[in-house]
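Q: Provided below for reference: sequence and predicted model.
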Amino acid sequence: MGLLRSLLSLPVKGPIDGTLWVARQIQDAADKELNDPAALRKALAALETQLLAGAISEGEYDEAETRLLLRIKGQT
C-alpha cells in the first residue's frame, strides 16, 4: 500500500519536495556566503574606509564593527 500511495501522490508531492530542496540549497549557500570569514573581513575593511572618508560617524562605525566582530568570532 505504501508504494501505491507514493506513486499516486508523486504528481503533487514531487514538485513540492523539489521546491523545498532547492530552497534549502539556496539557504545553505546564502548562510555560507553571509558568514564567510573572508567576506566579513572585507566588510570590516570597507567599514573602516567609510569611517576614514567621513561617510559614517564613529558611533555608527562602532556599532557595525561590533556586529561584524561578533559574527567573525562566532565562526571560530
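A: Received, thanks.
Q: just checking, what packs against the longest helix along the chain?
A: Across the chain, the longest stretch assigned as helix under DSSP state H is helix 2-34. Helices and strands in packing contact with helix 2-34 are not found; criterion 3 or more C-beta pairs under 8 Å, 6 or more residues apart in numbering; DSSP states H and E. For every residue, glycine as well, the C-beta is placed using N, CA and C.
Q: Now do it: distance to the chain's middle.
A: For helix 2-34, the gap between its own C-alpha mean and the chain's C-alpha mean amounts to 20 Å (C-alpha atoms, centre = their mean, to the nearest Å).
Q: same question for that helix, mean pLDDT?
A: Average pLDDT, helix 2-34: 89.
Q: And the pLDDT for Leu70?
A: Listed pLDDT for Leu70 reads 90.
Q: residues near it, how many?
A: Around Leu70 there are 10 other residues, counting by other C-beta atoms under 10 Å.
Q: In what element of secondary structure is it found?
A: Using DSSP states H and E, Leu70 sits within helix 58-75.
Q: and the angle from the longest helix of the chain to helix 58-75?
A: Orientation of helix 2-34 against helix 58-75 (axes from the mean of the first three to the mean of the last three C-alpha atoms, to 10 degrees) gives an angle of 130 degrees.
Q: From Glu65, how far out is the residue minimising distance to the centre of the chain?
A: The centroid of the chain falls nearest to Asp31 when counting by C-alpha atoms, centre = their mean (2.8 Å). Here Asp31 is placed at a distance of 22 Å from Glu65 (C-beta to C-beta, to the nearest Å).
Q: just to revisit the earlier point, gap between the residue nearest to the centre of the chain and Asp17?
A: For Asp31, the distance to Asp17 equals 21 Å [C-beta to C-beta].
Q: next one: Leu44
A: From Leu44 to Asp17 the distance is 40 Å (C-beta to C-beta).
Q: what do you get for Lys32?
A: For Lys32, the distance to Asp17 equals 23 Å [C-beta to C-beta].
Q: Just want to know which of Leu44 and Asp17 has more residues nearby.
A: The neighbour count for Leu44 versus Asp17, taken as other C-beta under 10 Å, is higher for Leu44 (16 against 11).
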